[in-house]
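Colleague: Need coordinates for the following:
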Amino acid sequence: MDSGTKLDADKQGERIDATEYRRIIGRLRYLLHTRLDLSFVVGMASRFMEKPTVKNLKVAKQIMRYLKGTLGLGLVYTQEKKEEVLVGYTDSDVGGDLVGRRSTGGMAFYLNDSPVTWSSHKEKTVALSSCEAEFLAATVAAKQAIWLRNLLSELTATQPKTVTMFVNNNSAIALMKNPVFHGRSKHIDIKYHFIRECVERGQIVVKRVSTSEQKSDSLTKALLAVKLGVMRHLLGVRELEVHQA
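Modeller: Predicted structure coming up:
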């Protein structure tokens, strides 16, 4: 999928066989279990399975061509004897969905630098600014962080540890840390203020990260090939070593 490409409903486009399109997307979605770098484009293509067009099929074929050239990529996990550290990265675009103008949020969580869970998803509410979009995405990620925190505590028989979440929007970070109900947040649904409570309780610590080091950046938008390669490596998708028998 070309950088900056945004799909719409393409209501005037030529229709194609929906069953075949769904079969292709279903197979691509299966690959998301080990290919974080496909999360955004496959998620975008999945939004048009009801009435797919030639334009949608073209994007699906672009994804398959990309896969053909990157067959050796996957996730690498290493055994490390050190304290388990859980961190998360969350990001969002602003109104990237041309149909409902909702933003696309992305999150990725790592245990000792190894990816354990990730997603690229369309937000349920329209955001009015980049600050709000990042705030909404971070709240969704916070729920995942708490679940992972408790799961890790059960598996290791230790006290739950604070989860660090990295965000690259200063205004959104300020909104998460500031319990005051003011103009920038008074219209936001109460449920999205869950992250503030997590921060106040010490369950989550929110820190700033530069855009160049924001691992979830590629989960919210299509990137140029060169930058995609850099972000892919940052996500943890690497060239796998094949050992001959």
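
Colleague: where do the helices sit along the chain?
Modeller: Under the criterion DSSP state H, the chain carries helices at the ranges 18-31, 39-46, 54-68, 130-156, 170-177, 194-201, 225-235.

Colleague: what's the most buried one of the ones you listed?
Modeller: helix 39-46 (a mean of 22; mean count of other Cβ atoms under 10 Å). The way it works is simple: take the backbone N, C-alpha and C, and place the C-beta from them, glycine included.

Colleague: ok, now how distant is the residue nearest in space to the middle of the chain from Lys177?
Modeller: Central residue of the chain (Cα atoms, centre = their mean): Gly106, 2.2 Å from the mean position. When distance is defined by Cβ to Cβ, to the nearest Å, Gly106 is 22 Å away from Lys177.

Colleague: Check Leu219 too.
Modeller: From Leu219 to Lys177 the distance is 24 Å (Cβ to Cβ).

Colleague: Show me this structure divided up by domain.
Modeller: What automatic domain parsing lists as the domains of the chain is 1-71, 86-218.

Colleague: Ok, which of these comes nearest Val226?
Modeller: Distance to Val226, taken as Cβ to Cβ, is lowest for domain 1-71 among the domains of the chain, at 9.9 Å.

Colleague: Please compute how far that closest one lies from its chain's middle.
Modeller: In this view, domain 1-71 has its centroid 17 Å away from the chain centroid, taken as Cα atoms, centre = their mean, to the nearest Å.

Colleague: Please apply the same query to stretch 160-175.
Modeller: Relative to its chain's centre, stretch 160-175 lies at 15 Å (Cα atoms, centre = their mean).

Colleague: ditto for stretch 142-151
Modeller: For stretch 142-151 - counting by Cα atoms, centre = their mean - the centre lies 16 Å from the chain centre.

Colleague: just stretch 193-209 next, same as before
Modeller: 19 Å.

Colleague: ok, back up a step: go through the domains of the chain and name the closest to Gly229.
Modeller: Proximity to Gly229 (Cβ to Cβ) singles out domain 1-71 among the domains of the chain, at 9.3 Å.

Colleague: Looking at that closest one now, give me its mean pLDDT.
Modeller: Across domain 1-71, the average pLDDT comes to 88.

Colleague: What of stretch 75-84?
Modeller: Per-residue scores along stretch 75-84 average to 80.

Colleague: Over to stretch 136-147?
Modeller: The average of the pLDDT scores along stretch 136-147 is 95.

Colleague: Report the distance from that stretch to the chain centre.
Modeller: In terms of Cα atoms, centre = their mean, the centre of stretch 136-147 is found 11 Å from the chain centre.

Colleague: coming back round to it: can you tell me how far the residue nearest to the centre of the chain is from Lys58?
Modeller: Taking Cβ to Cβ, one finds Gly106 at 24 Å from Lys58.

Colleague: swap in Ala133?
Modeller: 28 Å.

Colleague: Kindly report the same for Asn169.
Modeller: Relative to Lys58, Asn169 is positioned 33 Å away (Cβ to Cβ).

Colleague: ok, now Lys122?
Modeller: Counting by Cβ to Cβ - Lys122 and Lys58 are separated by 21 Å.
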